[in-house]
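Q: what follows is a predicted protein model with its sequence.
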Amino acid sequence: ISRLDLDDILGTINEEVRQRFGENRGEVADYIPALADVPRDRFGMALALLDGTVHEVGNARERFSIQSVSKVYTLTLALEAIGDALWKRVDREPSGDPFNSLIQLEHEKGIPRNPFMNAGAIVTADVVLSNYGDAEATLLEFMRARSGNPEVGADVELAKSERESGHRNVALANFIRSYGNLHNDVQDVLDFYFLQCSLRMDCVDLARSMQYLADGGRCGPSGQQVTSAEGATRINAMMMTAGTYDAAGDFAFHVGLPAKSGVSGAIVAVVPHVMGLCVWSPALDRKGNSLLGGYALHRFTRMTGLSVF
Ligand code: GLN
């Protein structure tokens with residue numbers, strides 16, 4: 001890593017990506033105004049090395065809602081609370097189906113395929129609600145400590161519009177509840193899920209918030225041991241196999257890093273033992289992953305040789 005000029009590499013990626021904006025591919029998520037209104041020409045990328053050094057380029061300090069990236073952190077909280085008992089309520093297999101799919105839930109009797117599909121994240125949210133006194137405050141404190149940014153907060157308006165348009169999530173939650181795999185009030189679980197999606201952070205915050213997964217569970221910004229080394233290994237494995245939904249195979253092929261995407265166009269990734277990363281660009285591909293974000297990560301591992309493979 002010391003032989004690489006990371007600023008130079010980020011500069012090259014930034015230029016390549018900006019040339020690609022001209023091709024005008026991909027669509028910004030438009031199911032709520034807060035996502036539809038984000039200019040599609042944004043691109044930011046940040047790297048947080050284990051020694052605390054940050055490298056960044058483009059719109060790396062512009063905040064966005066973290067959406068499904070939050071599922072990594074609620075999974076961490078749920079595993080810390082109940083350990084392997086979580087796997088009785090959520091499976092850990094890749095799905096090959098879209099992130100908001102209902103299709104496997106009936107066959108699997110309300111056990112979601114993995115914690116990164118919406119169904120699995122809703123069960124994970126239920127576990128967090130059951131096991132932490134004030135789940136909202138716990139998550140906020142967790143994100144502020146992971147990122148080292150005390151200003152991380154929820155976007156209450158955005159959470160409200162998620163709630164008003166989240167009919168699919170409401171259906172998923174009720175369906176899971178019908179099998180007895182939600183223990184809290186359905187509305188409370190959904191409120192918490194929409195809140196976690198609405199947290200506003202930037203690329204630098206999120207790159208830092210991935211450091212614990214790169215460093216055997218130790219969080220650089222806070223110095224805390226967030227999870228065991230084994231816990232970090234397992235969460236990375238989940239990200240590799242399911243973090244980008246039905247594109248996880250393609251991501252392993254082209255990028256080769258544990259990664260988690262969100263519908264706002266954010267993708268976080270981990271280079272184990274080296275760094276946490278975040279890339280953000282709002283236009284999405286058909287599978288709901290940032291189009292240019294995926295391209296940038298592909299170029300990054302190509303140029304640095306840092307794919308885990
Ligand atoms: N808020 C989004 C939803 O629940 C999160 C999904 C995502 O980021 N892929 O539909």
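A: Looks like it came in fine.
Q: how near is the closest residue in space to Ala171 that isn't next to it in sequence to the ligand?
A: What sits nearest to Ala171 in space, not counting adjacent residues and going by CB to CB, 6 or more residues apart in numbering, is Leu102, at 6.7 Å. Yep, even glycine has a C-beta here, placed from its N, CA and C like the rest. Distance, Leu102 to the ligand, by CB to the nearest ligand atom, to the nearest Å: 13 Å.
Q: spell out which parts of the stretch 101-250 of the chain neighbour the ligand.
A: Applying CB under 6 Å from any ligand atom, we find that the stretch 101-250 of the chain lies next to the ligand at 118, 162, 169, 197.
Q: center of the chain, which residue is that?
A: Val69 (1.6 Å; CA atoms, centre = their mean).
Q: from what I see, that residue and Ser261 are in contact.
A: Yes - Val69 is in contact with Ser261 according to CB atoms under 8 Å; the separation is 7.2 Å.
Q: what's around Leu190, how many residues?
A: Leu190: 23 surrounding residues under other CB atoms under 10 Å.
Q: to clarify, my last question referred to Thr301.
A: Thr301 has 18 nearby residues by other CB under 10 Å.
Q: grab the nearest non-local neighbour of it.
A: Per CB to CB, 6+ apart, closest to Thr301 is Ser307, 4.2 Å.
Q: for that neighbour, the count of nearby residues, please.
A: As a burial measure, Ser307 scores 17 neighbours (other CB under 10 Å).
Q: now do Glu108
A: So Glu108, with other CB under 10 Å, has 16 neighbours.
Q: repeat for Ala229
A: 12.
Q: re earlier: who's in contact with the nearest residue to the residue nearest to the centre of the chain once chain neighbours are set aside?
A: Sequence neighbours aside, Gly262 is the residue nearest to Val69 in space, at 4.4 Å (criterion: CB to CB, 6+ apart). Residues in contact with Gly262, defined by CB atoms under 8 Å, 6 or more residues apart in numbering, are 65-70, 197.
Q: which among those residues gets closest to Ile111?
A: The shortest approach to Ile111 among these belongs to Ser68, at 19.5 Å (CB to CB).
Q: compare the residues of the stretch 101-250 of the chain next to the ligand and tell me which is most surrounded.
A: Cys197 (26 neighbours).
Q: can you classify it by secondary structure?
A: Secondary structure, DSSP: H, G, I helix; E, B strand; the rest coil: Cys197 is helix.
Q: and the closest residue to it other than its chain neighbours, how far from His273?
A: Spatial nearest neighbour of Cys197, chain neighbours left out: Gln67 (4.9 Å); criterion: CB to CB, 6+ apart. Separation of Gln67 from His273 (CB to CB, to the nearest Å): 27 Å.
Q: please say which of those two ends up with more neighbours.
A: A direct count of neighbours by other CB under 10 Å for Gln67 and His273 places Gln67 higher, at 24 against 10.
Q: wait, isn't the more buried one in contact with Val268?
A: No - contact criterion CB under 8 Å: Gln67 and Val268 do not qualify, at 11.1 Å.
Q: where are the low-confidence patches of this structure?
A: For the chain, the stretches flagged by pLDDT under 70 are 24.
Q: give me that answer again for 80
A: 22-25 (pLDDT under 80).
Q: biggest helix in the protein by residues?
A: Assignment by DSSP state H gives helix 6-21 as the longest helix of the chain.
Q: packing partners of that one?
A: If you count contacts as 3 or more CB pairs under 8 Å, 6 or more residues apart in numbering; DSSP states H and E, helix 6-21 packs onto strand 44-49, strand 54-58, helix 291-304.
Q: again, only this time at 10 Å
A: Applying 3 or more CB pairs under 10 Å, 6 or more residues apart in numbering; DSSP states H and E, one finds that helix 6-21 contacts strand 44-49, strand 54-58, strand 275-280, helix 291-304.
Q: what's near enough to touch Asn131?
A: 77-78, 80-82, 138 (CB atoms under 10 Å, 6 or more residues apart in numbering).
Q: that should have said Gly120, apologies.
A: Counted by CB under 10 Å, 6+ apart, Gly120 has contacts 71, 75, 86, 89-92, 95, 99, 111-114, 172, 176, 238, 242.
Q: tell me the phi and psi of Pro98?
A: Backbone torsions of Pro98, given as degrees, to the nearest 10, read phi -60, psi 160.
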